[in-house]
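[1] turn this into a model:
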Amino acid sequence: MMKAARWYKARDIRVENIEEPVIAPGKVKIKVHWTGICGSDLHEYAAGPIFIPVEQPHYVSKDIAPIVMGHEFSGEVVEVGEGVTKVKTGDPVVVEPILACGECAACKKGKYNICKHLGFHGLSGGGGGFSEYTMVDEHMVHKMPEGLSFEQGALVEPAAVALHAVRQSKLKAGDKAAVFGTGPIGLLVIEALRAAGASEIYAVELSAERAAKAMELGATAVINPKDEDAVARLHALTDGGVDVAFEVTGVPVVLQQAIDATTFEGETIIVSIWESAASILPNNIVLSERTVKGIIAYRDIFPAVMELMTKGYFPADKLVTKRIDLDEVVTEGFEALMKEKNHIKILVNSQQ
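    Purely as a prediction, here's the structure:
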């Protein structure tokens, strides 16, 4: 038996003893070290189910709630199934937690992150990081490079979202960018923009703590939309608007602001997952030949993220604000994130 945190329904996550996974062909069994609590985990806790299957089993995982949560994690390989060659026992690894069917049109083109049946290990079944052990398919495992800590490894998944967003955008070295919302993903987008060579990076943020963190991570300036018109200020600072804006709040009114903050032929990348509709004025796009583009998760990018981490990008020491044990995941993790807005990333230790 092993300890794991399972989602039963909104506001009901239980740390309990469940069966330890038993190795199977093509699978890798991992002793989990650190797992991050993600914004999507928080949505599931506060108002789920969103990605969690409750009516019927998930198409890929075949699992149904209660589901072991946790999809941003690192650990150590303790056992490999028959036919596994990518990793061996003892290897430090991170898991790319995408569950894809492999048979839809997107999967056949290699775009597995836009799979028709997209799910996430730790949200849609298959086990998860908030447990002592988990087991995944060989292709989901990436060996960590020398010198990367397990804590740093737990940040690879959210950093991959940020790097994918920037790489899918039209941003070129020397361009100007704005990031609307500097929660964990927004802050990681700032890091990815620095890595991509953006010359000016403006953040739009209400929280003083998050604004300070954005400056610490290399933002050129932070605008508080409560104090001034963020769009007008961005146009003034950039002499006509940014080349690319990143929407990372999921707040309906912000989407129009992000679009309006770009220059002619500018681009807005929507990184948020939305809980409601957002109205935009199409003429603001049409009359300036702007582009609006959505991104989901990541693909073929985990190794690049880890290479950037070895160069000092996406630093755990600046992004992790609290470390807790698995037993405390609800009280000191989910509840703390609901109440205290000063946290950036809380990491959960699975090995007591």
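
[2] excluding its backbone neighbours, what's nearest Asp91?
    Distances taken as Cβ to Cβ, 6 or more residues apart in numbering put Val77 closest to Asp91, at 4.6 Å, once the chain neighbours are dropped. C-betas here are computed from N, CA, C, even on glycine.

[3] and Glu20, by the same measure?
    Met2 (4.5 Å).

[4] contact partners for the one you found?
    Going by Cβ atoms under 8 Å, 6 or more residues apart in numbering, Met2 touches 17-20, 131-133.

[5] output the residues you listed as CSV; include the columns neighbour count and pLDDT.
    Formatted as CSV, the contacts of Met2 follow (neighbours: other Cβ atoms under 10 Å; pLDDT from 0 to 100):
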residue, neighbour count, pLDDT
Asn17, 10, 97
Ile18, 15, 97
Glu19, 8, 97
Glu20, 15, 97
Ser131, 26, 98
Glu132, 19, 98
Tyr133, 19, 98
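
[6] JSON lines for these, including distance to Lys172 and secondary structure?
    As requested, the contacts of Met2 are arranged in JSON lines below (distance: Cβ to Cβ, whole Å; DSSP: H, G, I helix; E, B strand; the rest coil):
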{"residue": "Asn17", "distance to Lys172": "52", "secondary structure": "strand"}
{"residue": "Ile18", "distance to Lys172": "49", "secondary structure": "strand"}
{"residue": "Glu19", "distance to Lys172": "51", "secondary structure": "coil"}
{"residue": "Glu20", "distance to Lys172": "49", "secondary structure": "coil"}
{"residue": "Ser131", "distance to Lys172": "42", "secondary structure": "strand"}
{"residue": "Glu132", "distance to Lys172": "45", "secondary structure": "coil"}
{"residue": "Tyr133", "distance to Lys172": "44", "secondary structure": "strand"}
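
[7] just flag the most distant two among those.
    Among the contacts of Met2, the pair separated by the greatest distance (Cβ to Cβ) is Asn17 and Tyr133, at 12.3 Å.

[8] that older thread, nearest to Pro92, of the contacts of Met2?
    Tyr133 (15.2 Å).

[9] what lines up beside the strand or helix carrying Glu16 in the sheet?
    Assigned by DSSP states H and E, Glu16 belongs to strand 12-18. Looking at strand 12-18 with DSSP bridges, its partner strands are strand 2-9 (antiparallel).

[10] quick one: average pLDDT of the partner strand?
    Strand 2-9 carries an average pLDDT of 97.

[11] and it, C-alpha only, in PDB?
    Listed in PDB are the C-alpha atoms of strand 2-9, where the atom choice follows Å, rounded to 0.1, in the frame of the first residue of the first chain:
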ATOM      1  CA  MET A   2       1.000   3.600  -0.500                       C
ATOM      2  CA  LYS A   3      -0.200   7.100   0.400                       C
ATOM      3  CA  ALA A   4      -1.900   9.200  -2.200                       C
ATOM      4  CA  ALA A   5      -4.100  12.300  -2.500                       C
ATOM      5  CA  ARG A   6      -7.300  11.500  -4.400                       C
ATOM      6  CA  TRP A   7     -10.000  13.900  -5.800                       C
ATOM      7  CA  TYR A   8     -13.500  12.700  -5.000                       C
ATOM      8  CA  LYS A   9     -15.400  15.900  -5.700                       C
END
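
[12] buried set for it?
    2-7 (16 or more other Cβ atoms under 10 Å).

[13] report the two of the residues you listed separated the most.
    Between all members of those, the farthest pair (by Cβ to Cβ) comes out as Met2 and Trp7, at 16.8 Å.

[14] what about the residue nearest the centre of the chain, which SS state?
    Nearest residue to the geometric centre of the chain (Cα atoms, centre = their mean): Pro158, 3.1 Å. With DSSP: H, G, I helix; E, B strand; the rest coil as the basis, Pro158 sits in helix.

[15] run through who's touching the strand holding Glu16.
    With Cβ under 8 Å, 6+ apart as the test, strand 12-18 has contacts from 1-8, 45, 66, 68-69, 131, 326-327, 329-330, 334.

[16] just the terminal-to-terminal distance for stretch 205-223.
    This stretch, stretch 205-223, spans 6 Å end to end (Cα to Cα, to the nearest Å).

[17] all strands for the stretch 51-200 of the chain, in order.
    All strands of the stretch 51-200 of the chain, identified by DSSP state E, counting those that start in this stretch, fall at 67-68, 72-80, 92-95, 98-99, 119-120, 133-137, 141-143, 176-180, 200-204.

[18] equivalent analysis for the stretch 201-350 of the chain, please.
    All strands of the stretch 201-350 of the chain, identified by DSSP E, counting those that start in this stretch, fall at 221-223, 242-247, 262-270, 291-294, 320-325, 345-349.

[19] winner for burial among those?
    Ranked by mean neighbour count, these are led by strand 242-247 with a mean of 29 (mean count of other Cβ atoms under 10 Å).

[20] tell me the mean pLDDT for that one?
    pLDDT averaged over strand 242-247 gives 98.
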